[in-house]
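Participant: Here is my input, please return the structure:
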Amino acid sequence: GDWSSDVCSSDLLLSVTVSVILFVVSSSIFNMVPSFLSVAGEDLKLDYSIYKGAAASKQELIKGYSDLKDIDEVDKVYKRYDLLLGYSYIEASKLNDKYKVYSKKNSGNEPIEMNTLFDIYDTSRLENACIENYLIEGNCDIGKMQDQNEVLIVQKNRVKGKENEKYYSGNTTDFKIGDKIQVKLNKDLKDTVELKVAGIITARPFNTQNQYDDVARNKIKSFKPETKIVISDKLIEKWIKTSRQERNHDRYLNLIGYDTMLKKNIDKSLASKKIIDLSTQMVDTKLIEQEDSIEKMKKAFGEVSLVTYVFVGIASLIGVLNLFNTCRANIIIRKREIAMLKAIGVTGKQIKQIINLEGAIFGIKGGLYGVAVSMIFVYSLYYFLRSIEYFKWNMPIHLPLIAMFVAVIGGYLSTIVPLIKVNKSNIINEIKVEG
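Facilitator: Next up is the predicted model:
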């Protein structure tokens, strides 16, 4: 028969393909997890957070902000505002088609009302929201955003529909840069405010919700926001004045604490002491050292990483052994054919070259099949995870290259040991035995 078909059969091709799939898929998942978990990545850079309690006064919080900025070791202080729950009124053409089907929103020519979460950022937070990691479209000009009523739209949303209905994850609107949005910061208000889309971001860079206020958390959960808008505190201040809502100032712009980032290469123990002393001087405040939370997260991720490394190692070892055993079996089963070739004058060196070449060829074919199947599976998983929470990830090019290289070398090397054993056998005996 055809020597190319017999020496390394389809079993070897399947073995190489499975080995490559195991390696690429497990390695890609390990590489993807950090990107998925770091969606709210800016929170991980914070050092301390201070939350106000019910008895904390506004004046004391304002003074605390100034005192924090005066600490030499402090690099940045972000104001943390309570999330604002309001409403957007948008044209039907701006509602995402998939969400339109899910939500069953159909108002004809009338604007569609959508529950909207307004995440209020000070200037420093806005600068972080405009970095490449989050900004998909648009150009953030902080001054222009504050003067011309410009805001940032969060692209991905996770909405819970009616009872016993599954979550919707994805775009709820199809806004473009420059589009206008009519909103109400309070449903009882008579007039809407016109906002303009300055940029579209993947996700909220900071989780500004008060994690220790159960009432606020339950309120947001029951409100079920359909869209999220990042808006400047300066813009809210301007709206309060123009709408004559000064008496309700704290309802719309409620300062609930601060987030602090320390400078690099400083005495952290000294900085910690200053911040703790400042916090204890303020009535009814809660100081959170973010490093503790980050360390717990890193520890958990480290444990996951260890398990993944072990799995990748075991998968690779199983693949190599499987490849070796399959090729060994194929060569030994065909000892008679090898003996007959020797009998007609084919040298051991020529036989070795043929078999080694076949091993390499099947390594290439198996590698290509394995990489193709792996990429389909991995990117399907990526798009599934991205439907839950938007994040950017690209398969590292070195993973399929390593898999291809190992497959070719493995296919070549797996023929060497069986060939040594076969070449030592007696030609006449092999032909007789097999016959």
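Participant: where along the stretch 51-200 of the chain do the helices fall?
Facilitator: Assigned by DSSP state H, counting those that start in this stretch, the stretch 51-200 of the chain shows helices spanning 58-70, 97-103, 123-129, 142-147.
Participant: Let's test this: mean pLDDT of the third one, rounded?
Facilitator: When you say that, I think you mean helix 123-129. With pLDDT averaged residue by residue, helix 123-129 scores 77.
Participant: Redo the helices of the stretch 51-200 of the chain as JSON lines? Include distance to Ser232 and mean neighbour count.
Facilitator: (Glycine included, C-beta is placed from N, CA and C.) Conversion of the helices of the stretch 51-200 of the chain to JSON lines gives the following (distance: least, C-beta to C-beta, whole Å; neighbours: other C-beta atoms under 10 Å):
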{"stretch": "helix 58-70", "distance to Ser232": "17", "mean neighbour count": "15"}
{"stretch": "helix 97-103", "distance to Ser232": "27", "mean neighbour count": "14"}
{"stretch": "helix 123-129", "distance to Ser232": "6", "mean neighbour count": "18"}
{"stretch": "helix 142-147", "distance to Ser232": "5", "mean neighbour count": "16"}
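Participant: can you redo those as TSV with distance to Ile397?
Facilitator: Formatted as TSV, the entries for the helices of the stretch 51-200 of the chain read as follows, by distance: least, C-beta to C-beta, whole Å:
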stretch	distance to Ile397
helix 58-70	44
helix 97-103	32
helix 123-129	29
helix 142-147	36
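Participant: Which of these sits closest to Asn186?
Facilitator: When these are compared by C-beta to C-beta, helix 58-70 sits nearest Asn186, at 20.1 Å.
Participant: what is the rounded mean pLDDT of that closest one?
Facilitator: Mean predicted lDDT for helix 58-70 stands at 85.
Participant: so what secondary structure elements neighbour that helix?
Facilitator: In this structure, helix 58-70 makes packing contacts with strand 48-52, strand 74-81, strand 255-262, helix 268-281, judged by 3 or more C-beta pairs under 8 Å, 6 or more residues apart in numbering; DSSP states H and E.
Participant: rewinding a little: quick one, which of the helices of the stretch 51-200 of the chain is nearest to Ala216?
Facilitator: Of all the helices of the stretch 51-200 of the chain, helix 58-70 sits nearest to Ala216, with 16.5 Å by C-beta to C-beta.
Participant: Determine the angle, from 0 to 180 degrees, between the closest one and strand 74-81.
Facilitator: Angular relation of helix 58-70 and strand 74-81 on a 0 to 180 degree scale: 160 degrees, by axes from the mean of the first three to the mean of the last three C-alpha atoms, to 10 degrees.
Participant: now what about helix 58-70, what contacts it?
Facilitator: With contacts defined as C-beta atoms under 8 Å, 6 or more residues apart in numbering, helix 58-70 is touched by 50, 52, 74, 77, 79, 250, 255, 257-258, 260, 275, 278, 282-283, 285.
Participant: Likewise for stretch 127-137?
Facilitator: Residues from elsewhere that reach stretch 127-137 (C-beta under 8 Å, 6+ apart): 41-42, 121, 140, 142, 152, 155, 176-177, 199-206, 230, 392.
Participant: buried subset of the residues you listed?
Facilitator: Of all those considered here, the ones buried according to neighbour count by 16 or more other C-beta atoms under 10 Å are 41-42, 121, 140, 142, 152, 155, 199-206, 230.
Participant: In strands, which of the residues you listed appear?
Facilitator: In strands, judged by DSSP state E, the following of these are found: 121, 152, 199-201, 230.
Participant: tell me which of those residues is nearest to Ala329?
Facilitator: Within the set of these, Ile201 lies nearest Ala329; the separation is 56.1 Å, counting by C-beta to C-beta.
Participant: how far away is the closest residue to that closest one other than its chain neighbours from Pro225?
Facilitator: Take Ile201 and drop its neighbours on the chain: the residue closest to it by C-beta to C-beta, 6 or more residues apart in numbering is Tyr134, 4.3 Å away. Using C-beta to C-beta, to the nearest Å, Tyr134 is found at 18 Å from Pro225.
Participant: How about Val408?
Facilitator: 52 Å.
Participant: Of these two, give the one with the bigger neighbour count.
Facilitator: Neighbours around Val408 and Pro225, counted as other C-beta atoms under 10 Å, are more numerous at Pro225. The numbers are 23 against 20.
Participant: give the contact list for the residue nearest to that one when sequence neighbours are not counted.
Facilitator: Nearest-residue entry for Pro225: Leu117, 3.8 Å, with adjacent residues in sequence omitted and distances by C-beta to C-beta, 6+ apart. Remark: with contacts taken as C-beta under 8 Å, 6+ apart, Leu117 is in contact with 83-85, 220, 223, 225, 227-229.
Participant: Now do Leu117 against Thr227, distance only.
Facilitator: Distance, Leu117 to Thr227, using C-beta to C-beta: 7 Å.
Participant: and what of Thr192?
Facilitator: 15 Å.
Participant: Alright, I will stop here.
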